[in-house]
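K.L.:
here's my sequence, what's the structure:
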Amino acid sequence: MKIVPAISLIAFVATLTSFVIATNPVHIDGKIVVHAHDKRKCSFGIVVKGDDKVIGSSPVDSTGKFAVSFTPAKETSFDFFYIDSHHAEDTIYLKSYKEFESDHVELTFYTFKGYLQVDEDDHVICPKCSQSDKVTPIEKLPGYYYCASDRIKF
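P.N.:
Below is the predicted model of the structure:
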């Protein structure tokens, strides 16, 4: 007689563990501050990648504001990129986040190219992986670099 309650308990636990834990969507209101585009007529976009897969995107208005929403799954990082219509084929890395403090986040990104970290041998360090051994300058985009390890331009 004790076997029936045990089987019922096992069935109940199996049912509970088969549900996928839902996560709340993340809503980001942001601003991108671009430099050296005062005289150019460019449009910008924001792209969010989770573990190298695009999970959200948004156009940027004329004042630099954007809004993007996505529902995280099992991503280990969230990478933010911008697209400049002047260099439409390129997504340029901005910043990575491992997690967000809340479901509604306000972010500001800057595209200034003046601040790059370098190692002791004066090689540029990737802002994502903090390594310099696979970073090379991009010939067609002066002042920009490519990290072969992370496959990002910055």
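
K.L.:
tell me the bridge partners for the most centrally placed residue in the chain.
P.N.:
Geometric centre of the chain, nearest residue: Asp79, 1.6 Å, by C-alpha atoms, centre = their mean. Counting by DSSP bridges, Asp79 forms beta bridges with Lys49, Ser96.

K.L.:
tell me who's in contact with it.
P.N.:
Taking C-beta atoms under 8 Å, 6 or more residues apart in numbering, we find Asp79 in contact with Val48, Lys49, Gly50, Tyr93, Lys95, Ser96, Lys128, Ile152. For every residue, glycine as well, the C-beta is placed using N, CA and C.

K.L.:
any idea how far Leu107 is from the third one?
P.N.:
Think Gly50. 16 Å (C-beta to C-beta, to the nearest Å).

K.L.:
repeat for the fourth one
P.N.:
For Tyr93, the distance to Leu107 (C-beta to C-beta) stands at 14 Å.

K.L.:
can you check Thr63 too?
P.N.:
Using C-beta to C-beta, one gets 15 Å for the distance from Thr63 to Leu107.

K.L.:
what about those two, which has more around it?
P.N.:
Between Thr63 and Leu107, counting by other C-beta atoms under 10 Å, Leu107 is the more crowded of the two (17 against 8).

K.L.:
in a helix, that's where that one is, yeah?
P.N.:
No: using DSSP: H, G, I helix; E, B strand; the rest coil, the secondary structure at Leu107 is strand, not a helix.

K.L.:
that one and Gly30 touch, don't they?
P.N.:
Yes: under the criterion of C-beta atoms under 8 Å, Leu107 makes contact with Gly30 at 4.2 Å.

K.L.:
point out where this protein drops to low pLDDT.
P.N.:
1-22, 36-40, 86-89, 113-114 (pLDDT under 70).

K.L.:
run the last query once more with 80
P.N.:
1-23, 35-42, 85-90, 112-115 (pLDDT under 80).

K.L.:
just the closest of the contacts of Asp79 to Thr136, please.
P.N.:
Ile152 (12.1 Å; C-beta to C-beta).

K.L.:
in the sheet, who's paired with the closest one?
P.N.:
Applying DSSP bridges, one finds that Ile152 bridges with Cys147.

K.L.:
any idea how far it lies from Lys74?
P.N.:
Taken as C-beta to C-beta, the span from Ile152 to Lys74 is 21 Å.
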